[in-house]
Structure formats: C-alpha cells, structure tokens
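> I'd like to go over a predicted model; first the sequence, then the structure.
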Amino acid sequence: MTDCTISWTADHAGWEGRFARLRRTTLLQCRAYAEVVCPPLGQRVRHGLILIGGAMAGLVQLQEAALLGRAIHAVILDRGPLWEAGRGGPEDARAFLSAFARAFPARPGRRRRLLPELPASALPALGAAGFARLPGPGYQTFWLDLTPGPDALRRGMEGKWRNRLSRAEEAGLEVVWDRTGLAMGPFLRGMAETGAARHGPAPATLIALAERFRAARAAAVGLALHRGEAVAGVMMLRHGLAATWQAGWVSQAGRRLAANHLLLWRALCELHAEGVQDLDLGGVNDADAAGVKRFKRGLGGELVELAGQFR
C-alpha cells in the first residue's frame with residue numbers, strides 16, 4: 001500500500017490557502033464553520049496535510065474533545081478529506097484511512113465518528129481499516145458545477161424546473177440580496193413560520209454562521225418578495241471556490257409563484273459572478289424529504305452518495 005502520513009499543522013493561514021485553491025471543498029471542512037460550531041461543544045479543531053508517497057495529496061480538518069489527558073477522547077471527521085486535483089482515487093482513499101486509523105486507533109474511552117467524503121465504493125477500504133458502519137442510509141447531496149455559466153446552467157435544467165422559473169420571472173417578484181445582516185430577521189421568521197427550522201440548524205447557529213462568514217463577505221441571505229412580503233428565503237455560505245446552500249424556506253404563496261425557483265436561480269448567477277465554481281445543494285433523502293430532493297434534482301446537478309457514517 002502507498003505510504004501516507006497526516007502532518008498536523010498550526011499554520012492556519014497556509015492550510016486555508018491550500019483550501020482556497022481546491023474544487024468541491026465542503027462547508028464542514030471549512031475552518032470558519034468549525035470556529036462557530038466547536039466552542040459551544042467544547043471541541044477544538046485540528047488541521048492536517050495529507051502526504052502520500054511524500055507528496056502533498058490533500059487536506060483534512062478534525063474536531064476533537066478530550067478529558068483526563070485524552071483518556072476520554074472524541075474525534076470527528078465530517079465530509080473530508082479534501083483532495084488536490086488528480087488525487088483521491090481508491091488507492092489514495094485506502095492509504096488515508098489506514099493513516100487515520102493509526103493516528104486514532106479504536107480503544108476504550110475513545111469515540112470516533114466519521115462521515116468521510118468518500119463514495120460507497122470505499123466501503124471495503126473502510127472495513128479493512130477497522131471502521132464499522134453505523135446504521136442508516138448513506139449521505140446524499142447534489143453538486144452543481146457553476147463554471148459553464150448561466151446560459152448553460154439554464155439549458156441543463158429539467159424542463160419542468162425551467163418552466164416554473166420562467167413563470168416566476170413573469171410573476172413580478174422582487175429578489176433582494178443582503179450581506180449586512182438586515183435580512184436575518186425576515187429570513188428566520190420565514191424559517192419558523194414554514195416549519196423549515198425543524199429540519200436544520202438552530203436559529204442561534206445560523207446567526208453565528210452568518211456573522212462569521214459575513215466578516216469575509218462569504219455569507220448572503222436572499223429573499224423573494226411578492227407585494228413587499230417575503231415569500232421565500234435562502235442562506236448561502238461561500239468557502240473557497242465552493243459554496244453551500246445552508247438553509248432555505250418557501251411559503252405556500254411562494255410555492256404557488258415558484259419563488260424558490262427564482263431565488264435559487266438568482267443565487268446561482270450571483271455565485272458564478274463571484275467566481276464560485278461548485279455549489280453543494282445540501283443533504284437530500286428519499287425518506288422524509290423526497291420533494292426537496294426532486295426540487296434540487298431539477299437543477300441538473302450530479303447526485304453524490306457518500307459511504308455513510310462510521311465509528
């Protein structure tokens with residue numbers, strides 16, 4: 001097997017510089033995200049450089065918590081590792097998993113939780129490295145490549161999605177984008193009133209994420225207005241060359257007007273203009289959110305299913 005080492009670094013600026021150059025970086029591997037979610041949980045963040053055969057191959061961010069000199073230890077890997085261009089194939093994945101298992105072997109007092117950014121085909125490698133799969137379906141999301149530009153993206157939509165977008169454009173809706181925080185009130189009210197808040201991060205977490213990412217001009221809240229009333233909302237967070245649809249909602253009136261179609265379309269155009277290359281549309285499933293999955297599928301992105309959660 002190819003030799004792999006994980007070099008832990010305190011050079012956050014250097015790590016972030018590498019992160020900023022990668023395609024399809026995930027929000028959960030972004031340092032700014034970890035800086036928001038880790039402190040309330042008593043966790044710290046560790047950043048690693050993945051070296052395979054002595055060459056730089058990728059990055060990984062971990063969340064850790066420890067007591068009694070690490071006798072009680074928890075380590076979390078969410079939606080990593082991230083790979084340099086041309087890396088991340090099956091052999092690289094096997095090498096990384098073996099290195100991770102050596103760094104954090106299973107033992108009494110240690111809790112490991114991994115949601116690796118690896119496909120279902122990596123299941124044998126995960127098992128060989130000693131990781132046990134937790135019950136439940138694999139994580140699914142849609143990735144949308146924004147580099148072709150708005151015209152090509154519109155042609156790539158499913159016909160019904162494109163038709164509803166055209167209807168929304170004729171409905172007299174107004175779309176506003178806010179990077180100052182002023183739209184957070186209407187956005188959070190819409191989340192609560194439509195029930196969308198039950199399926200995502202707590203309002204306090206959304207506020208904290210918006211504030212942290214806004215400092216780097218990497219957060220935007222969009223609202224679709226009909227006759228001055230907000231009928232749909234979305235929060236987008238940018239991380240390097242990628243962005244994530246973090247949260248969104250649509251009212252019954254907004255659904256009739258296809259306001260969510262128009263709002264997301266305008267978001268794609270905004271992100272493309274800012275140089276974002278890939279959009280992670282967020283987790284989907286067939287169990288309790290089949291409608292959301294159909295909506296996201298209509299944009300024409302690539303459905304990606306990860307191997308699942310492991311310990």
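Done, it's in.
> hey, which strand is longest across this protein?
The longest strand of the chain (DSSP state E) is strand 55-67.
> what's the offset of it from the middle of its chain?
Relative to its parent chain, strand 55-67 has a centroid offset of 17 Å by Cα atoms, centre = their mean, to the nearest Å.
> now do stretch 27-45
On Cα atoms, centre = their mean, the centre of stretch 27-45 falls 13 Å from that of its chain.
> and it, end to end?
Taking Cα to Cα, to the nearest Å, the first and last residues of stretch 27-45 lie 14 Å apart.
> same deal with stretch 248-267?
Distance across stretch 248-267, first residue to last, is 12 Å (Cα to Cα).
> average pLDDT for it?
For stretch 248-267, mean pLDDT rounds to 96.
> just stretch 228-244 next, same as before
In the prediction, stretch 228-244 has an average pLDDT of 97.
> what ranges do the strands span in this protein?
For the chain, strands defined by DSSP E occupy the ranges 4-9, 44-52, 55-67, 72-78, 82-83, 110-115, 140-145, 174-178, 219-226, 229-239, 242-250, 278-284, 302-305.
> partner strands of the longest strand of the chain and their direction?
Using DSSP bridges, the strands paired with strand 55-67 are strand 44-52 (antiparallel), strand 72-78 (antiparallel), strand 82-83 (antiparallel).
> now that we have those, can you turn them into JSON lines and tack on mean neighbour count, mean pLDDT and distance to residue 285?
C-beta coordinates here come from the backbone N, C-alpha and C atoms, glycine included. Shown next, in JSON lines, are these (neighbours: other Cβ atoms under 10 Å; pLDDT from 0 to 100; distance: least, Cβ to Cβ, whole Å):
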{"stretch": "strand 44-52", "mean neighbour count": "19", "mean pLDDT": "97", "distance to residue 285": "28"}
{"stretch": "strand 72-78", "mean neighbour count": "18", "mean pLDDT": "97", "distance to residue 285": "17"}
{"stretch": "strand 82-83", "mean neighbour count": "22", "mean pLDDT": "98", "distance to residue 285": "23"}
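> nearest to residue 311, out of those?
Ranking these by proximity to residue 311 (Cβ to Cβ) places strand 72-78 first, at 10.2 Å.
> so what touches that closest one?
In this structure, residues lying in contact with strand 72-78 by Cβ atoms under 8 Å, 6 or more residues apart in numbering are 26, 28-29, 43, 60, 62-67, 100, 104, 109-116.
> now that strand: how far from the chain's centre is it?
19 Å.
> send me that strand as CSV with only the CA atoms.
What follows is strand 72-78, C-alpha atoms only, in CSV (Å, rounded to 0.1, in the frame of the first residue of the first chain):
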residue,chain,number,x,y,z
ILE,A,72,-11.6,10.2,27.3
HIS,A,73,-11.3,11.3,23.7
ALA,A,74,-13.7,12.0,20.8
VAL,A,75,-12.6,12.6,17.3
ILE,A,76,-14.9,13.7,14.5
LEU,A,77,-14.3,13.8,10.7
ASP,A,78,-17.1,15.3,8.8
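> what angle separates that strand from strand 110-115?
Interaxial angle of strand 72-78 relative to strand 110-115 (axes from the mean of the first three to the mean of the last three Cα atoms, to 10 degrees): 10 degrees.
> on that earlier part again, could you dump the strands paired with strand 55-67 into TSV and include distance to residue 240?
Shown next, in TSV, are those (distance: least, Cβ to Cβ, whole Å):
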stretch	distance to residue 240
strand 44-52	14
strand 72-78	16
strand 82-83	9
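> residues near residue 255, how many?
Residue 255 has 15 neighbours, counted by other Cβ atoms under 10 Å.
> from residue 167, how far off is it?
According to Cβ to Cβ, to the nearest Å, residue 255 stands 12 Å off from residue 167.
> do the same with residue 8
Remark: distance between residue 8 and residue 167 (Cβ to Cβ) = 53 Å.
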